[in-house]
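Trainee: Need coordinates for the following:
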Amino acid sequence: MTEESINQKLNQTTSTGTPELSLARITWPILVEMLLHLLMGNLDILMLSHYSERAVASVGIANQLLQFFIMLFGFVAAGTTIVVSQDLGGGQRQKAVQAACTAAAMNSVLGLGISLALGGGAAFFLTLLGTPDEMMGEAGTYLRIVGSFLFLEVVMLTGSAVLRSYGLTREVMWISIGMNAVHVLGNALVLYGPFGLPQLGLEGVAWSTVVSRLLAMTAILYVAKRTLRPRLKPSSFLREAGACARRLLRIGIPSTIEYMAYYVSQLIITSFIVSIGIAALTTRVYADSVLGIVSLLATSIAVGTQIIVSRLVGGRRMAEAEDECRRSIRWSMGLCAAAAAGAAFAAEPLLGLFTEDPAVIREGTRVLWLMLLFQPAHSLCMIYQHVLKAAGDPAYPAKLGVLFMIGIRVPVSWLCITVFDLGIIGVYAAFILDEWTRALLMRRRWAAGRWRTGSGEREAVTTAAVS
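Mentor: Here you go, the predicted model:
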């Protein structure tokens, strides 16, 4: 994308200071990007499985640590999209640039700290996970290389968040496509050794990951520089960085705590499922593989809605924000219900792609039919979760998330398995109860309209602090 085309797009959407964005236009690239990420993860495993099953396990262990650290320090990126979008919606272009640059600086420092820790302490972290001795070598090599350059991923996440705030979701999608293409090509070269090239194995895969992320980060920073055109003096940047950082953290920290609660609840529930047997665990893995694609539809619509509502709230266009929320709910619930119904009707052939075990297919089919109750609730929950954050009320969905995922999902799953003997079906029944309860509570919170005055008061305080 050239500088001229980027500027043309920005002028079309931000000439009034209150940008008009189409939900469909910004959502479909997000959906494609998420689907690509999911499919490429599976392709990565497939390519490694042809090389060595131990390599697959080694990468799996290392990636658990890498994803945990990205999640742990992803709170800056979580707040970036909302803060920058609110500033753009309010016509405060320079303030949006300040927020974007502050986010980039914060995550650069955090990313370098993570990289140093993982690069120097790979063996220590793998030992904490109880990695078998026979896998320490390969897992350690992969974690040491990819972990040492994890700051590339952290900075890239922040840059992507900034570009999405400006409505440049297609640019982020194309960069993601390019990154994954380079990664797959690199994997093929180092694993299969065509044209007489040496087979570098897992070490080569690690370097392929680093190179693809480096190229993607460079492309994102290039587009971001052309888009933002930062003209901040060091003195003014440092003077205003504290206020910007507080805004980012006020939104980002609750989001990270909520995600960590989800992560912990899933680990605990998985331990419950393991107690039932391998068949139950296998059923969940295969059913979630199908449902994950449907859930991406809800997530992409929620993220797109968050960007639009953030801009509308930033421009004090509250009635339009409510209209956008209602429109997004209709689209999300309708599309996700239709997709869930399609998955349920095609359950047997879909699950048959993964296994020939009739017991797993039978139980998995029951789970997919249950998703007709789960997906509408999940869609509703995702939309309200994202619009409340966009409106400046991030603490409420985070509190609900921690309370209900730990207080409902976990104990109800345990009761359904150990007391009522419902097996894997009971676990998904607990998920349905959690999603519908949270969705209705967040709907009431949104309808009460506290965010209308709260976001305005917070914005006034922030503006005063910055000026």
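Trainee: Now for residue 104: which residues touch it?
Mentor: 155, 158-159, 162 (C-beta atoms under 8 Å, 6 or more residues apart in numbering). Any C-beta I mention is one placed from the backbone N, CA and C, and that applies to glycine too.
Trainee: Sort out for me which of those residues are in strands.
Mentor: Counting by DSSP state E, those place none of their members in strands.
Trainee: List just the nearest of the residues you listed to residue 177.
Mentor: Residue 177 lies nearest to residue 159 out of the contacts of residue 104, by C-beta to C-beta, at 16.0 Å.
Trainee: my read: that closest one touches residue 221, true?
Mentor: Yes. Using C-beta atoms under 8 Å, residue 159 makes contact with residue 221 at a distance of 5.9 Å.
Trainee: Between the two, tell me which one has more neighbours.
Mentor: Neighbours per residue, other C-beta atoms under 10 Å: of residue 159 and residue 221, the larger number sits with residue 159, 28 against 16.
Trainee: any idea how far residue 214 is from the residue nearest to the more buried one when sequence neighbours are not counted?
Mentor: Closest residue to residue 159 apart from its sequence neighbours, by C-beta to C-beta, 6 or more residues apart in numbering: residue 220 at 3.8 Å. Distance, residue 220 to residue 214, by C-beta to C-beta, to the nearest Å: 11 Å.
Trainee: what helix or strand is residue 319 on?
Mentor: For residue 319, the element it lies in under DSSP states H and E is helix 318-345.
Trainee: Next, the buried residues of that helix.
Mentor: Using 16 or more other C-beta atoms under 10 Å as the test for burial, helix 318-345 gives 318, 320-322, 324-325, 328-329, 331-333, 335-337, 339-341, 343-344.
Trainee: again, but for stretch 30-49
Mentor: Residues of stretch 30-49 classed as buried: 30-34, 36, 40, 44, 47-48 (neighbour count, 16+ other C-beta under 10 Å).
Trainee: packing partners for the longest helix seen in the chain?
Mentor: When the chain is parsed with DSSP state H, its longest helix is helix 234-276. Helix 234-276 sits against helix 53-72, helix 75-89, helix 93-120, helix 278-314, helix 395-404, helix 410-414, helix 424-448, helix 450-466, with contacts defined as 3 or more C-beta pairs under 8 Å, 6 or more residues apart in numbering; DSSP states H and E.
Trainee: Out of those, indicate the one that is most buried.
Mentor: Ranked by mean neighbour count, the helices and strands packed on helix 234-276 are led by helix 75-89 with a mean of 28 (mean count of other C-beta atoms under 10 Å).
Trainee: by contact count, what packs against it?
Mentor: When contacts are defined as 3+ C-beta pairs under 8 Å, 6+ apart, helix 75-89 packs onto helix 93-120, helix 150-165, helix 234-276, helix 278-314, helix 358-390.
Trainee: any chance of these in JSON lines, plus distance to residue 428?
Mentor: JSON lines is the format used below for the helices and strands packed on helix 75-89 (distance: least, C-beta to C-beta, whole Å):
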{"stretch": "helix 93-120", "distance to residue 428": "35"}
{"stretch": "helix 150-165", "distance to residue 428": "31"}
{"stretch": "helix 234-276", "distance to residue 428": "10"}
{"stretch": "helix 278-314", "distance to residue 428": "8"}
{"stretch": "helix 358-390", "distance to residue 428": "5"}
